[in-house]
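# model this:
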Amino acid sequence: MYFFLSHLAIVDIAYACNTVPQMLVNLLNPARPISFAGCMTQTFLFLSFAHTECLLLVVMSYDRYVAICHPLRYSVIMSWRVCITLVVTSWTCGVLLALVHVSLILRLPFCGPHEINHFFCEILSVLKLACADTRLNKVVIFVASVFVLVEPLCLVLVSYMRILFAILRIQSGEGCRKAFSTSSSHLCVVGLFFGSAIVMYMAPKSRHPEEQQKILFLFYSLFNPMLNPLIYSLRNSEVKGALRRAVCKESHSQLE
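Reported below is the predicted structural model:
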């Protein structure tokens with residue numbers, strides 16, 4: 001589990017490093033432009049990390065399924081070779097899908113205005129600047145969304161249905177609580193990530209005004225990576241104890 005969590009942390013850090021610095025530059029100096037090469041690089045990296053995170057979350061749900069439903073065979077099924085293969089496959093598929101999107105963007109002409117109405121070079125906002133037919137790009141985006149959002153979400157739900165049935169069969173109350181706690185944090189992350197991504201890339205755009213889409217993208221690309229460490233660390237009893245002590249200390253200082 002911690003091996004997969006380390007890769008999820010790498011993706012979250014990469015998200016922030018890819019979008020936040022340029023976002024801050026734009027907010028402090030709106031007149032300073034980003035180059036076309038820089039914009040394409042940002043789009044490619046954003047898509048690579050987004051696709052990889054989707055696939056990593058599926059892999060993590062499978063890991064939880066094996067740990068809870070087949071605990072005695074866990075070390076055999078989830079060997080180091082299998083874990084490394086799953087992680088490498090997630091990263092490879094994420095990068096290859098991003099390459100497809102960027103390759104289709106590079107064939108388009110851009111004739112202005114050269115102003116992206118977004119916080120960073122997000123693919124849908126970049127496509128709005130193209131002065132050519134972008135239907136192929138949008139079809140590929142929709143198909144890729146089915147591949148990395150809908151199908152993985154279905155696999156995650158199936159895994160957690162099996163996990164729920166396994167937890168309900170546990171006789172011990174303490175064992176049931178431990179089994180549920182190991183999966184609840186991951187399920188929260190899955191709900192936040194997949195929910196916001198599906199709304200952005202698959203919901204009808206007429207239902208979401210452009211400014212609202214920008215806020216959703218900000219939540220999807222910035223707040224989710226910030227929340228992930230907090231959600232997962234709250235499973236740790238030492239982190240909970242430190243947080244409880246900090247809250248009590250703050251309340252005491254306010255009373256004084």
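# Tell me which residues of the strand or helix carrying residue 64 come out buried.
Using DSSP states H and E, residue 64 maps to helix 36-69. Within helix 36-69, the residues that count as buried by 16 or more other CB atoms under 10 Å are 39-40, 42-69. Bear in mind the C-beta positions are built from the backbone N, C-alpha and C, glycine included.
# With residue 116 as the reference, measure out to the closest residue to residue 51 other than its chain neighbours.
Excluding the flanking residues, the one nearest residue 51 by CB to CB, 6 or more residues apart in numbering is residue 94, at 3.6 Å. As for residue 94, its distance to residue 116 is 23 Å (criterion: CB to CB, to the nearest Å).
# can you map out the helices along the protein?
2-28, 36-69, 74-77, 80-106, 123-127, 135-145, 151-168, 173-202, 210-218, 224-233, 237-255 (DSSP state H).
# Save these as TSV, and put in mean pLDDT too.
Formatted as TSV, those follow (pLDDT from 0 to 100):
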stretch	mean pLDDT
helix 2-28	82
helix 36-69	88
helix 74-77	89
helix 80-106	93
helix 123-127	83
helix 135-145	86
helix 151-168	82
helix 173-202	68
helix 210-218	68
helix 224-233	67
helix 237-255	64
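# quick one, what contacts the closest residue to residue 34 other than its chain neighbours?
Computed as CB to CB, 6+ apart, the closest residue to residue 34 that is not its neighbour in sequence is residue 22, at 6.2 Å. Applying CB atoms under 8 Å, 6 or more residues apart in numbering to residue 22 gives the contacts 34, 38, 42, 120.
# Residue 118 too?
Contacts of residue 118 by CB under 8 Å, 6+ apart are 125, 214, 217.
# cutoff 6 Å now
Counting by CB atoms under 6 Å, 6 or more residues apart in numbering, residue 118 touches 125, 214.
# Against residue 53, how distant is it?
For residue 118, the distance to residue 53 - CB to CB - is 20 Å.
# got it, and residue 83?
Taken as CB to CB, the span from residue 83 to residue 53 is 17 Å.
# One more: residue 102?
Counting by CB to CB - residue 102 and residue 53 are separated by 18 Å.
# before we move on, what about residue 196?
Where residue 53 is concerned, residue 196 sits at a distance of 12 Å (CB to CB).
# for residue 39, same thing?
Taking CB to CB, one finds residue 39 at 21 Å from residue 53.
# again with residue 117
Applying CB to CB to residue 117 and residue 53 gives a distance of 25 Å.
# cool, and residue 85?
Taken as CB to CB, the span from residue 85 to residue 53 is 18 Å.
# For residue 42, give me its contacts.
Residue 42 neighbours (CB under 6 Å, 6+ apart): 120, 121.
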